[in-house]
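Peer 1: Here's a sequence, model it:
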Amino acid sequence: MNSLSLRENIGVLLENKLCINYIAFMFENWEDDKRRFERSEEATTFIAHKPNFLERNGIQIIVAIFIFLVSMTCFIRYPDKVVQVGYLSAEHAPVELKSKTDGILKKLLVQNNEVVKKGDIIGWLETEINYNEVLVLLKNIDKLDDDLLKDKGVEKKDFFIKKIGNFNWGELQQNYSEFISELQKYDDFYLNGFYESKINYVDKDIKIALSKNAILEKQQTLSQRELDIEKETYNVDEILNKEALVTKLDLTRSESQLISKERSYFDVSLAIINNESLVSQKRSEVMQMKHDVLQNKVQFRQAIHSLKRALIAWIDKYSISSNESGSIAFSSFLHENQVISPSKIIGYVMPVNSRFYLRIFLSQEAIGRLKENNPVEVRFNSYPYKEFGMLNGKLNYISNIALDSGFLSKVDLPGGLKTNLKHTIPYRENLKSEVIFITKDITLGQRLFDGLFKTKK
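Peer 2: Model (predicted):
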């Protein structure tokens, strides 16, 4: 009984194990079927999917991009460069524009890039004196000086006299007052005609004295002849007296007449001498009067020149003028009523024949890679090239003699100081810059090819 139960239990267990194994087997088959079903669905979806343009032509696009990039390397410039340090200089360098004193810009007379001549006034600073009045006065003073040299006299005396009362001359008041004082003295001497009339009268006296002197000289000639005749008469009487043909009384009368003729002759000679002395005196008076007129004229001209110097000094102080002919290049935006100081450069006058260049001392390493006419890029340290741009130049000269600093060379800047970004670099002597020499202008493709070729070698 017991053994039967044991066999039954074992049989049940075996049946149960078989069931479990079967169930496990069925489960595994179900998982496999499920996975096969899922794979079949994905495959179906994949097979049913229609590829888009990128999926169909992806390889071609990648190849095209690669070809494009390779071809672009044939156009992208990647030149060989040598970098050195240069210093700006110029032939006929630009002239700085500065004011002589602090002040407010009252009037701006020219605009940027306008052509001016040497001496032209660019602008005026604010002052209590009207600069137009000063310019008009200076013009008339110049004309007055020329007229005096030509002895024309003062044609506009009233013009100058009215100015002293009708206008505020400020710091020029003393100079102008001294000028007016000398003008009035000159007017008394020269313009009113007093000295001229007096000189004319004295000249007439001289002419009269000279005429009288001519008469006296004729009278002297006659007196000389009478004296000679009387001497001959006396000599004859003296001989006759010795021979007792003429009495002593007659000889005495003859001697008395001779003495009278001699006295008459000496009186005429003395009159001639006195008359000549009078002529000399009158001529001396004329010379003195002419000297006084000339001296007054000299003093008046000195007053003119003194006022002229004061006017020019005033103009120089309160004006901004050009010291060279050329075009104006303001270094900043300049406008009226702007405060100006002498320490600030407001611009430059660019001469027509101004030529800019760079002085460079080439190193030993660079000299063998460079040659004349190499193109050059110039970047100034004080003006970042990304903001201001750069200049283009050309290597013009390389010295054959080495100095302590290197081989002196010159780079011309044919485009002046205007950068590729249309900025104008203000000229400053010895302005430091980075100079980039283009030794071999090649493309990126050439550089890559040369690199690969050299590496392969």
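Peer 1: show me what contacts E243?
Peer 2: For E243, no contacting residues are found, by Cβ atoms under 8 Å, 6 or more residues apart in numbering. To be clear about C-beta, it is placed using only N, CA and C from the backbone, and glycine gets the same treatment.
Peer 1: swap in T252?
Peer 2: Neighbour list for T252: empty [criterion: Cβ under 8 Å, 6+ apart].
Peer 1: Any idea which helix or strand in the protein has the lowest mean pLDDT?
Peer 2: The least trusted helix or strand in the chain, going by mean pLDDT, DSSP states H and E, turns out to be helix 2-48, with a mean of 53.
Peer 1: Following the chain onward from that helix, which element is next?
Peer 2: Under the assignment DSSP states H and E, the closest C-terminal helix or strand after helix 2-48 is helix 53-72.
Peer 1: pLDDT of that next one, averaged?
Peer 2: What helix 53-72 shows for mean pLDDT is 73.
Peer 1: What of stretch 145-163?
Peer 2: Averaged across stretch 145-163, the pLDDT comes to 66.
Peer 1: One more: stretch 359-368?
Peer 2: The model assigns stretch 359-368 a mean pLDDT of 86.
Peer 1: Now do the domain split for the protein, please.
Peer 2: Per the record, the chain has its domains at 2-49, 80-94+354-441, 123-318, by automatic domain parsing.
Peer 1: Adding distance to Q111, write the ones you listed out as TSV.
Peer 2: Output for the domains of the chain, formatted as TSV (distance: least, Cβ to Cβ, whole Å):
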stretch	distance to Q111
domain 2-49	72
domain 80-94+354-441	15
domain 123-318	11
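Peer 1: For N113, which of the ones you listed is the nearest?
Peer 2: Taking Cβ to Cβ, domain 80-94+354-441 is the member of those nearest to N113, at 9.6 Å.
Peer 1: can you give me the offset of that closest one from its chain's centre?
Peer 2: Distance of domain 80-94+354-441 from its chain centroid, counting by Cα atoms, centre = their mean, to the nearest Å, is 24 Å.
Peer 1: give me the number of residues near S197?
Peer 2: Residues lying near S197 (other Cβ atoms under 10 Å) number 10.
Peer 1: so where does it fall, helix or strand?
Peer 2: According to DSSP H and E, S197 maps onto helix 194-242.
Peer 1: tell me what that helix is packed against?
Peer 2: With contacts taken as 3 or more Cβ pairs under 8 Å, 6 or more residues apart in numbering; DSSP states H and E, helix 194-242 sits against helix 248-318.
Peer 1: contacts for the helix or strand following the helix it packs on?
Peer 2: Next in sequence after helix 248-318, counting helices and strands by DSSP H and E, comes strand 319-321. Outside strand 319-321, the residues that touch it by Cβ under 8 Å, 6+ apart are 97-99, 119-125, 131, 315, 340, 346.
Peer 1: Just the buried subset of the residues you listed, please.
Peer 2: In terms of neighbour count (16 or more other Cβ atoms under 10 Å), the buried residues within those are 97, 99, 120-125, 131, 315, 340, 346.
Peer 1: when you check these against the strands, which ones overlap?
Peer 2: Secondary structure defined by DSSP state E assigns 97, 121-125, 340 of these to strands.
Peer 1: If we go by neighbour counts, what in stretch 330-339 is buried?
Peer 2: Using 16+ other Cβ under 10 Å as the test for burial, stretch 330-339 gives 330, 334.
Peer 1: From the rest of the structure, what touches it?
Peer 2: Contacts of stretch 330-339 (Cβ under 8 Å, 6+ apart): 97, 102-108, 112, 123, 345-348, 426.
Peer 1: If you rank the residues you listed by neighbours, which is first?
Peer 2: Using other Cβ under 10 Å as the neighbour criterion, Y348 leads the contacts of stretch 330-339 with 24 neighbours.
Peer 1: residues contacting the closest residue in space to Y176 that isn't next to it in sequence?
Peer 2: What sits nearest to Y176 in space, not counting adjacent residues and going by Cβ to Cβ, 6 or more residues apart in numbering, is W169, at 5.0 Å. By Cβ under 8 Å, 6+ apart, W169 lies in contact with 129, 175-176.
Peer 1: picking up where we left off before, taking the mean pLDDT, what do you get for the helix holding S197?
Peer 2: Computed over helix 194-242, the mean pLDDT rounds to 77.
Peer 1: again with stretch 375-395
Peer 2: Per-residue pLDDT over stretch 375-395 has a mean of 91.
Peer 1: Begin at 863 from now on, thanks
Peer 2: Fine by me, first position is 863 from now on; the one you just mentioned is stretch 1237-1257.
Peer 1: Can you tell me what sits against it?
Peer 2: Contact partners of stretch 1237-1257, identified using Cβ under 8 Å, 6+ apart, comprise 948, 950, 1219-1220, 1232-1236, 1271-1277, 1279-1285, 1287, 1293-1300, 1303.
Peer 1: 7 Å instead?
Peer 2: With Cβ atoms under 7 Å, 6 or more residues apart in numbering as the test, stretch 1237-1257 has contacts from 948, 1220, 1232, 1234-1236, 1271, 1273-1275, 1277, 1279, 1281-1283, 1285, 1287, 1293-1300.
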